[in-house]
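Novice: Any chance you could fold what I've pasted below:
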Amino acid sequence: MIKLLAYVALGGAIGSVARFLLTLWIQPVRPGEALTNFPLGTLVVNVTGCLAIGILHAILYSGPHAATERPELRAFLIIGVLGGYTTFSSFGRETLNLIASNQLGAAAAYVLLSNALGLAAVWVGMRVTASVY
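Specialist: Numbers count the residues shown, from 1 in each chain. Here you go, the predicted structure:
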């Protein structure tokens, strides 16, 4: 278990740094300059993360060279690197897994609840913190 945690931690560090650098490259922020209204950097990170998890899922879980017996690959690449890079990729894969298993209602509920509750949680967090801080 400690070994898997180390793989997740190392991958998470790599993914987080990659996200930061890519976002800065796409949408640089200069001292004294506000961010633009459209979060292009985050959009690119989320889409490329989804592409990456699709590729990794196909390599690790299907086809003639499936590596499902290698939990350290999943821990490092999917949970670590892509988890640090973006969790939106996991959201996309999990939604497609529900659709593939013909759980369309669950997939729709997952999409709606993730978005609605996520936005609500951000709003509540901002409001509560602003009123206390």
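Novice: what's the spacing between Ser89 and Thr42?
Specialist: 13 Å (Cβ to Cβ, to the nearest Å). For the C-beta atoms, the positions are set from N, CA and C on the backbone; glycine is no exception.
Novice: And Asn102, by the same measure?
Specialist: For Asn102 relative to Thr42 (Cβ to Cβ), the value is 32 Å.
Novice: quick one: the nearest residue to Arg74 once chain neighbours are set aside and Ile78, what's the gap?
Specialist: Leaving aside its sequence neighbours, Arg74 sits nearest to Leu60 (Cβ to Cβ, 6 or more residues apart in numbering; 6.3 Å). Distance of Leu60 to Ile78, given as Cβ to Cβ: 7 Å.
Novice: Which one of those two is surrounded by more residues?
Specialist: Ile78 (21 against 18; other Cβ atoms under 10 Å).
Novice: who has more neighbours, Asn102 and Thr42?
Specialist: Thr42 (16 against 9).
Novice: so where's the chain uncertain?
Specialist: Counting by pLDDT under 70, the chain contains low-confidence ranges at 29-38, 63-69.
Novice: And the helices in it?
Specialist: Using DSSP state H, the helices assigned to the chain run over residues 2-26, 40-61, 71-73, 82-85, 88-100, 104-132.
Novice: Tell me which of those is the most buried.
Specialist: Mean neighbours per residue, mean count of other Cβ atoms under 10 Å, is largest over those for helix 82-85, with a mean of 24.
Novice: Give the other helices and strands that it contacts.
Specialist: helix 2-26, helix 40-61, helix 88-100 (3 or more Cβ pairs under 8 Å, 6 or more residues apart in numbering; DSSP states H and E).
Novice: make it 7 Å
Specialist: Of the remaining helices and strands, those touching helix 82-85 by 3 or more Cβ pairs under 7 Å, 6 or more residues apart in numbering; DSSP states H and E are helix 2-26, helix 40-61.
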